[in-house]
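Undergrad: Please work out how this folds:
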Amino acid sequence: MNEVKRSLDRIVGDVTTDKEELKQRVLSGKRKSKRKNPFPLVATVIVMTAVLFFTFNVFQGEYLKKDGSEYEVNEELYDLLLKSEQHEIEDPDELRTVVMQRLVESDSLIEYAKSLGYEADEQAMKEELAKEQQTFFEGFNEEELNSVEQTQLENFGYTYEQYFQTIHKHTIQFTAAVEWLDHNPPAEHTTQREVLDAFLGTHADVITEFMEKKQIPPADPSSVYVEFEGLVAAIENRRVLVVQGVEKDQIEGMSAEEIQDAAYDSAWFEFDETIEQLALYRQINVTFDPLSYPVSQAEQEKVFEDVSGWE
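TA: This is a model prediction of the structure:
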């Protein structure tokens with residue numbers, strides 16, 4: 001779940017970073033290196049395939065006339081993220097798709113938390129945002145600040161003020177809801193896919209109208225699942241840890257946690273079928289639903305539960 005926070009934060013990185021380190025990095029025009037993903041969001045645009053297909057279908061179907069949706073897509077946030085991600089994703093259709101995905105995923109979790117009793121502490125979040133913004137700017141003299149702002153405008157087309165007041169504000173809102181869910185897990189086991197599907201069904205008309213306005217194209221419905229290829233590093237009952245970027249001799253004797261720290265990327269998968277034929281340290285290609293992980297991640301590994309096949 002924290003992938004959304006990481007993607008939103010990566011424009012300037014973690015603003016709680018040491019002031020001087022952050023200052024020098026921004027002045028040099030370099031962005032903080034992306035942190036290693038704790039789960040493989042490979043082919044992000046493919047993940048959105050099911051989202052867009054579902055949305056356009058329900059627009060024409062029975063879900064359209066749900067009782068008045070009060071949800072609104074944050075257009076300003078969407079537009080700013082488009083500018084940010086254009087450096088990462090060149091294809092304009094894919095860009096619009098990926099940004100829309102991130103918004104509906106994060107918004108669905110916020111709304112889900114509220115449905116379980118979460119109440120956002122707006123004052124606390126406002127104070128946190130002000131503190132982090134102050135931490136970022138303090139220590140710059142006027143000349144440095146002008147240089148930083150000019151570089152930001154040239155690179156992304158919007159100011160740091162816009163970043164904090166729109167993008168990072170949303171990050172804080174999302175993080176607060178996710179942390180609440182971790183401390184108040186739902187009584188019934190719920191996955192991100194279930195939360196997202198319900199959210200899309202409830203707000204189909206609003207989301208589809210926004211997608212049409214922004215010319216976000218529908219996607220091929222055949223690509224609900226994605227693939228992750230790597231080395232089998234651990235087997236615990238029906239759960240299998242698959243890792244990338246390490247070899248057998250590098251991880252033998254390590255605990256699962258140590259292996260994940262050493263790997264370039266990793267993911268746990270839960271298999272419905274027998275996995276007796278699976279052996280440690282063999283190469284495997286797993287096909288799975290990348291949204292099939294539990295909403296609450298308190299004291300547990302992220303495990304993808306919907307595995308459609310492997311070879």
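
Undergrad: For the longest helix seen in the chain, which helices and strands make contact with it?
TA: Determined from DSSP state H, the single longest helix within the chain is helix 92-115. The contact analysis (3 or more CB pairs under 8 Å, 6 or more residues apart in numbering; DSSP states H and E) places helix 92-115 against helix 2-9, helix 44-59, helix 75-85, helix 169-183, helix 192-202. C-betas here are computed from N, CA, C, even on glycine.

Undergrad: pLDDT averaged over that helix - what is it?
TA: Average pLDDT, helix 92-115: 93.

Undergrad: got the buried residues for that helix?
TA: 94-113 (16 or more other CB atoms under 10 Å).

Undergrad: And stretch 139-151, by the same measure?
TA: By neighbour count on 16+ other CB under 10 Å, the buried set for stretch 139-151 is F140, V148.

Undergrad: mean confidence score for it?
TA: On average, the pLDDT along stretch 139-151 is 88.

Undergrad: Next: stretch 217-230.
TA: 77.

Undergrad: any idea which strand is longest in the chain?
TA: Counting by DSSP state E, the longest strand found in the chain is strand 226-236.

Undergrad: Run me through the strand neighbours of that one, direction for each.
TA: strand 239-244 (antiparallel), strand 283-288 (antiparallel) (DSSP bridges).

Undergrad: Name the stretch among those strands that sits most buried.
TA: Most buried of those, by mean neighbour count (mean count of other CB atoms under 10 Å): strand 239-244, with a mean of 21.

Undergrad: pLDDT at the nearest residue to L116 once chain neighbours are set aside, what is it?
TA: Counting by CB to CB, 6 or more residues apart in numbering, L116 lies nearest to P186, which is 6.1 Å off, once chain neighbours are set aside. Per-residue confidence (pLDDT) for P186: 91.

Undergrad: So P186 sits against V295, correct?
TA: Yes: the pair P186 and V295 passes the contact test of CB atoms under 8 Å, sitting 6.6 Å apart.

Undergrad: which residues touch A198?
TA: S108, Y112 (CB atoms under 8 Å, 6 or more residues apart in numbering).

Undergrad: Please report how far it lies from S108.
TA: Distance from A198 to S108, counting by CB to CB, to the nearest Å: 8 Å.

Undergrad: for V246, same thing?
TA: With the distance defined as CB to CB, V246 ends up 34 Å from S108.
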